[in-house]
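> coords please:
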Amino acid sequence: MSVAKPTVVVLGLGLIGGSLARALRSSGFSDRIIGCGYREPSLQRGLELGIIDEYTLDVAQAVSQADILVLCAPTLTVSDLLETILPMADGDGPVITDVASVKGNLRATALRVAGEMPAKLVLGHPIAGSERSGVEASDVSLFVNHRVILTPEPGNDPAAVALVRQMWEATGAEVVDMDVDTHDAVLAATSHLPHVLAYTLVDALAAAPNSDAIFRCAAGGFRDFTRIASSDPVMWRDIALANRDALLVAIDHFGAHLATLRDAVERSDSQALQNTFSRAKQARDHFADILVARSQGK
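Numbering: from 1, shown residues only. A predicted model of the protein is given here:
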């Protein structure tokens, strides 16, 4: 399945799709990048910016032209797209991958549609993003020194997995493998739960009687913690629903810890508070060291 300069079709030219297209062009991985989607203005803008070489609104045409088809649509939409695309992609069709934040629902869709895991469907997820959205926000270096998680299944063609791995490595990303269930549990805890918390905190404070004073006096800590509440609400609604079971586990786990902390505050238990804060600081400092090492390519 070695293709010297594979034709890459990006279905959904937003922040992630546009950034991927920019990175693949810059790295020389592909000489032909095609945009596909239902919103022609975004595709036309991608063409004007030189992010893609051409575009089509016809999914069947996109499938027929691709060596690699990357589904960069919203999480729930990707499931619908798989239902449409998989019957079109026979054994000679493209390698198909995605960037969705949840994998379990996509695996279930593929198994329902195809009866088994398609050999050329390699599910993946870049751990990179921004609160900004749209093709205008795309960034050629978005994936550099960020992780991309692939969740290969037993039925996958090793050559297809290798090609998707090469594609992401060309963007400057570090590619790791993980099983689907572990991926969804980890992302629920580290990404989906923080977004839920940020949205909920801002919503709760906005509904408070003194909300104007709260926001006028809020400082950098509030800004930093709640930045992700500026992300696309529809996208995060879909992610929460798609990863419902794992997210509920993460919410319940956090809720139990928050209840314990509340009890310590109520009892004025200074030692319990200090112990919690000290453990958290140590863990956060360790995480910061990991980020520094990753930024240095270690």
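> and the lengthiest helix in the chain, what does it pack against?
If you go by DSSP state H, the chain has its longest helix at helix 270-295. Helix 270-295 is packed against helix 244-266, with contacts defined by 3 or more C-beta pairs under 8 Å, 6 or more residues apart in numbering; DSSP states H and E. C-beta coordinates here come from the backbone N, C-alpha and C atoms, glycine included.
> which secondary structure elements does the helix it packs on contact?
helix 180-187, helix 193-206, helix 270-295.
> can you pull the contacts of L106?
Listed by C-beta atoms under 8 Å, 6 or more residues apart in numbering, the contact set of L106 reads 78-79, 82, 98, 100, 123.
> that older thread, mean pLDDT and distance to A250 added to the helices and strands packed on helix 244-266, as TSV?
Compiled in TSV, these are given as follows (pLDDT from 0 to 100; distance: least, C-beta to C-beta, whole Å):
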stretch	mean pLDDT	distance to A250
helix 180-187	97	8
helix 193-206	96	4
helix 270-295	92	16
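> between these, which one is nearest to G220?
With C-beta to C-beta, the closest approach to G220 among these belongs to helix 193-206: 15.0 Å.
> right, and the helix or strand after that closest one?
Per DSSP states H and E, the first helix or strand lying C-terminal to helix 193-206 is helix 211-217.
> now D177: how far from R284?
27 Å (C-beta to C-beta, to the nearest Å).
> helix, strand or coil: sort out the residue nearest to the spatial centre of the chain for me.
Centre of the chain computed as the mean C-alpha position; nearest residue by C-alpha atoms, centre = their mean is S101, 4.1 Å away. With DSSP: H, G, I helix; E, B strand; the rest coil as the basis, S101 sits in coil.
> could you check the pLDDT of it?
Note on S101: pLDDT of 94.
> and the nearest residue to it once chain neighbours are set aside, which helix or strand is it part of?
When the adjacent residues along the chain are set aside, S101 lies closest to I239, with 5.0 Å between them (C-beta to C-beta, 6 or more residues apart in numbering). Element membership of I239 [criterion: DSSP H and E] is helix 233-242.
> likewise for I34?
Assigned by DSSP H and E, I34 falls in strand 33-36.
> again with A110
For A110, the host element (DSSP H and E) is helix 104-114.
> ok, back up a step: in the helix holding I239, what's buried?
235-236, 238-240, 242 (16 or more other C-beta atoms under 10 Å).
> what does stretch 268-283 give?
Result for stretch 268-283 [16+ other C-beta under 10 Å]: no buried residues.
> do the same with stretch 153-160
Neighbour-count burial for stretch 153-160 [16+ other C-beta under 10 Å]: 153, 156-157, 160.
> what's the end-to-end length of it?
The first residue of stretch 153-160 is 11 Å away from its last residue (C-alpha to C-alpha, to the nearest Å).
> can you list the neighbours in contact with it?
Defining contact as C-beta under 8 Å, 6+ apart, one finds that stretch 153-160 is touched by 1-2, 95, 107, 116-123, 180.
> mind putting the residues you listed in CSV, distance to Y38 included?
Output for these, formatted as CSV (distance: C-beta to C-beta, whole Å):
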residue, distance to Y38
M1, 29
S2, 33
V95, 23
R107, 25
E116, 29
M117, 27
P118, 23
A119, 28
K120, 24
L121, 22
V122, 24
L123, 22
V180, 28
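> now, those that are in strands?
95, 121-122 (DSSP state E).
> identify the farthest-apart pair in the contacts of L106.
S79 and L123 (11.5 Å).
> the more surrounded of these two?
A count of neighbours by other C-beta atoms under 10 Å puts L123 above the other of S79 and L123, at 28 against 23.
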